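Engineer: Kindly return the folded structure for what I paste below:
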Amino acid sequence: MTASSSVVAEKDETGRIFYTTVGHSTDGPAKKAARTTDIKAPRLFNAKSFQTLGHSISAIFLPAGYPNTVTPDYPHYQMYNDLQEFCSSLSGLLASRGALEGFGVGNASASATQALLLTVLKDVCSRFTTIIGAYYFGTSLYPETKTFRFLADVINDTSIVLDTISPYFTSISLSTTSPYIPSGSTLQILALCMSGAMRSLCALVAGGSKAALTDHFASPVNSKGDVGEMNAKSASRSTVIALTGVLLGTLIVPYITTRTSIYTALFFLVFGHLLANYLAVRSVVLRSFNRQRSSILWSTFRNSKAGADRRPVLLTPRDVSNREIILDIPSRIRDAATNRVIGHCSLGISVQYAMTRCNTPHVLKMLQHFQAEPYVLFVAEPRSWGRRGPCILVSFKEGYGSLDQLRAWLHALEIAAIWSARPRPSPGGIEDMVLSTRETLRKEFSHFMGCVKEAGWNIEEGAMMMGSPGSVIMSPETKKDI
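Structural biologist: Numbering: from 1, shown residues only. All right, here's what the predicted structure looks like:
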């Protein structure tokens, strides 16, 4: 009998291919031998080659299956994120030293009881800030992930600056000019309490926005990553970066003692931290809708169809990411071409609130015109001085969905675009504008959704409205005057 063998090719979770040879011979008792030929298989802590070392480091600090289980923007974001964490750890040492001096370390007249009471006061401010911040910002973190991720580090750097300069507040005395303005030790206590409040607010906002970003990174187009493992690997990298920054800071901080050196070092560290964080947020390419991204997509779609060739042009998520404004107010409606504010829109308001902003005939007409729609749209005059364009209010009906939120926002965008191109319309003109734009949306919305899906957008996920509406319309009734 003759011997036979087979070579099996296998691919691991990282995409590396290795081969296993399985063979047997009949020259004696039946024997089976299996040997593995795998010169590329990862072996942890094997220093035979730099390649094996790289595989070992990847297994420790990168998610399993990298890069197939993460989105393409993941490595760019993590590179800048690690850099900003390094700058934050260095500046955090200066802040910690300033806070300790503010608590009385090095001051012979200070007591442990005073430091304890100041610590308790600072902790109380932090905890109350967490409760209040969760109430006001909790529903905004997912729709405006990039904005709040950057805003969290702005708040954190403000806290670091207050901690660092708090020892110098004791030398400030304004009581001679204005007795009602705090000065000296009182100003220092206020600065430390404000610093603690901002630090807790940063933790709240950063935690919520990081959770949304992690969910995005673990959702590539053709596969699905492990969110839990990604969080764990991110924490391990952050630990190494922070430890490196602390060890380096212990060698540098003892030489930074004068005001000039402290302010100079703090300026460069805070600037580097904010720059790295801005680049990190800018590198993120989200595929879900929010107000700003949908406005850019719809405006580009409508302007391309109005051109000479009338062929719709849809931007990819990468193109829209390059045009996004990181720090912006979500209710603003902007012209996609010029970034000029052309209106404001509030989603999920109650009809009772609409009555305070619009006259009764307008509300009655809108309820009539939108009987067959999942939302009702009202147009009010801007209340604040200096606001441009209309103020559009949208109420939703019971059973509305995410696509209904998108339609309502695009409807408001169409109204604001026409309003900005014409003189201020009359009440009758506003009604005609609402109806004409509704017909435009009915004709173009299905085509628009098909195009954005082909461009790589995730139409199943949308975050147009922050949280749930305060109320929904259950049974709209329109009564005529008798």
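Engineer: Surely residue 344 is within a helix?
Structural biologist: No: with DSSP: H, G, I helix; E, B strand; the rest coil as the criterion, residue 344 is assigned strand and is not in a helix.
Engineer: Across the sheet, point out what pairs with it.
Structural biologist: Note on residue 344: beta-bridge partners by DSSP bridges are residue 332, residue 391.
Engineer: Tell me, how many residues neighbour it?
Structural biologist: Burial of residue 344, expressed as a neighbour count using other C-beta atoms under 10 Å, amounts to 22. (Each C-beta comes from the backbone N, C-alpha and C, glycine too.)
Engineer: heads up, I number from 33, so please use that
Structural biologist: Got it, first residue is 33 now, which makes that one residue 376.
Engineer: can you tell me how far the most centrally placed residue in the chain sits from residue 139?
Structural biologist: Residue closest to the mean C-alpha point of the chain, counted by C-alpha atoms, centre = their mean, is residue 177 at 1.7 Å. Taken as C-beta to C-beta, to the nearest Å, the spacing of residue 177 relative to residue 139 amounts to 43 Å.
Engineer: Kindly report the same for residue 506.
Structural biologist: Distance, residue 506 to residue 139, using C-beta to C-beta: 64 Å.
Engineer: More neighbours: which of the two?
Structural biologist: residue 139 (14 against 8).
Engineer: Which secondary structure state does the more buried one sit in?
Structural biologist: Secondary structure, three-state DSSP: residue 139 is coil.
Engineer: Let me see the contact set for it.
Structural biologist: For residue 139, the contacting residues are residue 133, by C-beta atoms under 8 Å, 6 or more residues apart in numbering.
Engineer: Return the distance of it relative to residue 379.
Structural biologist: With distances taken as C-beta to C-beta, residue 139 is found 53 Å from residue 379.
Engineer: swap in residue 223?
Structural biologist: Looking at residue 223 against residue 379, where the rule is C-beta to C-beta, the gap reads 38 Å.
Engineer: And what about residue 491, helix, strand or coil?
Structural biologist: Local secondary structure at residue 491 is given as coil here, using three-state DSSP.
Engineer: Grab the nearest non-local neighbour of it.
Structural biologist: The spatial neighbour of residue 491 that comes closest, neighbours along the chain excluded (C-beta to C-beta, 6 or more residues apart in numbering), is residue 485 at 5.3 Å.
Engineer: wait, the one you found sits on residue 492?
Structural biologist: No: the pair formed by residue 485 and residue 492 falls short of the contact definition of C-beta atoms under 8 Å, at 9.6 Å.
Engineer: Look at these two and report which has more neighbours.
Structural biologist: Set side by side, residue 485 and residue 492 show more neighbours around residue 485, with 13 against 9, by other C-beta under 10 Å.
Engineer: For the more buried one, pull up the helix or strand it's in.
Structural biologist: Secondary-structure element containing residue 485, defined by DSSP states H and E: helix 459-486.
Engineer: Quick check: buried residues in that helix?
Structural biologist: Of the residues in helix 459-486, those buried under the neighbour-count criterion (16 or more other C-beta atoms under 10 Å) are 462, 463, 465, 466, 469, 470, 473, 476, 477, 480, 483, 484.
Engineer: Show me what the mean pLDDT comes to for that helix.
Structural biologist: In this model, helix 459-486 carries a mean pLDDT of 88.
Engineer: got it, and stretch 321-328?
Structural biologist: Stretch 321-328 shows a mean pLDDT of 90.
Engineer: With stretch 115-134 instead?
Structural biologist: Rounded to a whole number, the mean pLDDT of stretch 115-134 is 87.
Engineer: CA-only coordinates of that stretch, as PDB, when you get a sec.
Structural biologist: Written as PDB, here are the backbone C-alpha positions of stretch 115-134 (Å, rounded to 0.1, in the frame of the first residue of the first chain):
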ATOM      1  CA  LEU A 115      -1.000  61.200  22.000                       C
ATOM      2  CA  GLN A 116      -3.600  63.300  23.800                       C
ATOM      3  CA  GLU A 117      -3.600  61.000  26.700                       C
ATOM      4  CA  PHE A 118       0.200  61.300  27.000                       C
ATOM      5  CA  CYS A 119      -0.100  65.100  27.100                       C
ATOM      6  CA  SER A 120      -3.000  64.900  29.600                       C
ATOM      7  CA  SER A 121      -0.900  62.700  32.000                       C
ATOM      8  CA  LEU A 122       1.900  65.200  31.900                       C
ATOM      9  CA  SER A 123      -0.300  68.200  32.500                       C
ATOM     10  CA  GLY A 124      -2.200  66.200  35.200                       C
ATOM     11  CA  LEU A 125       1.000  66.200  37.300                       C
ATOM     12  CA  LEU A 126       1.200  69.900  37.300                       C
ATOM     13  CA  ALA A 127      -2.500  70.100  38.200                       C
ATOM     14  CA  SER A 128      -2.100  67.600  41.000                       C
ATOM     15  CA  ARG A 129       0.800  69.600  42.500                       C
ATOM     16  CA  GLY A 130      -1.300  72.800  42.300                       C
ATOM     17  CA  ALA A 131      -4.300  71.100  43.900                       C
ATOM     18  CA  LEU A 132      -2.200  69.800  46.700                       C
ATOM     19  CA  GLU A 133      -0.800  73.200  47.400                       C
ATOM     20  CA  GLY A 134      -4.300  74.500  47.300                       C
END
